[in-house]
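Peer 1: requesting a structural model of the entry that follows:
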Amino acid sequence: MAQARPDRPSGGAAALGVDVDALRAEAKTEIDAATEEALAAPMPDPSTATDGVFCEGEAEPLGDGQAPWSGFAGKAAAATPPDGRGPTPTSGEASR
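Peer 2: Residues are numbered from 1 along each chain as shown. Next comes the predicted model:
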């Protein structure tokens, strides 16, 4: 199994006394168990497979759109134009 982020060294965690190999083994065991459980589960009923996935009826606003817990709050606030309509697209996003 390939590592998700081979470009990130684990030296910092090891320097803090974390047993990186044990942590990796524990994560692999948990992922393998969850994978086996998911593969053993029956397929969903096609008639209800999308229940709760899409908005039904009138969508409810999410408030001010700020999500301070997301880690992007500062970036979004900096990108909000003076008229307050929401974040402006960064370079590359405008053409999507």
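Peer 1: hey, which helix is longest across this protein?
Peer 2: Criterion DSSP state H: the longest helix present in the chain is helix 20-40.
Peer 1: can you give me the buried ones in that one?
Peer 2: For helix 20-40, the neighbour count (16 or more other CB atoms under 10 Å) marks no residue as buried. Quick note: C-beta positions are derived from backbone N, CA and C, even for glycine.
Peer 1: by contact count, what packs against that helix?
Peer 2: helix 11-15 (3 or more CB pairs under 8 Å, 6 or more residues apart in numbering; DSSP states H and E).
Peer 1: ok, residues contacting the helix it packs on?
Peer 2: Helix 11-15 is contacted from outside by Val20, Leu23, using CB atoms under 8 Å, 6 or more residues apart in numbering.
Peer 1: for Cys55, see how far away Asp21 is.
Peer 2: 45 Å (CB to CB, to the nearest Å).
Peer 1: repeat for Asp19
Peer 2: 45 Å.
Peer 1: with neighbour numbers in mind, choose between these two.
Peer 2: Higher neighbour count among Asp19 and Cys55: Asp19, with 11 against 8, using other CB atoms under 10 Å.
Peer 1: per-residue pLDDT, that one?
Peer 2: Among the per-residue scores, Asp19 shows a pLDDT of 90.
Peer 1: over to Ala41?
Peer 2: Reported pLDDT for Ala41: 95.
Peer 1: quick one: contacts for it?
Peer 2: By CB under 8 Å, 6+ apart, Ala41 has no neighbours at all.
Peer 1: one more: Ala49?
Peer 2: So Ala49 contacts nothing (CB under 8 Å, 6+ apart).
Peer 1: what helix or strand does it sit in?
Peer 2: Remark: Ala49 resides in no helix or strand, with elements defined by DSSP states H and E.
Peer 1: state the distance from it to Ala59.
Peer 2: From Ala49 across to Ala59, the span is 21 Å (CB to CB).
Peer 1: and for Thr50?
Peer 2: In terms of CB to CB, Thr50 sits 16 Å off from Ala59.
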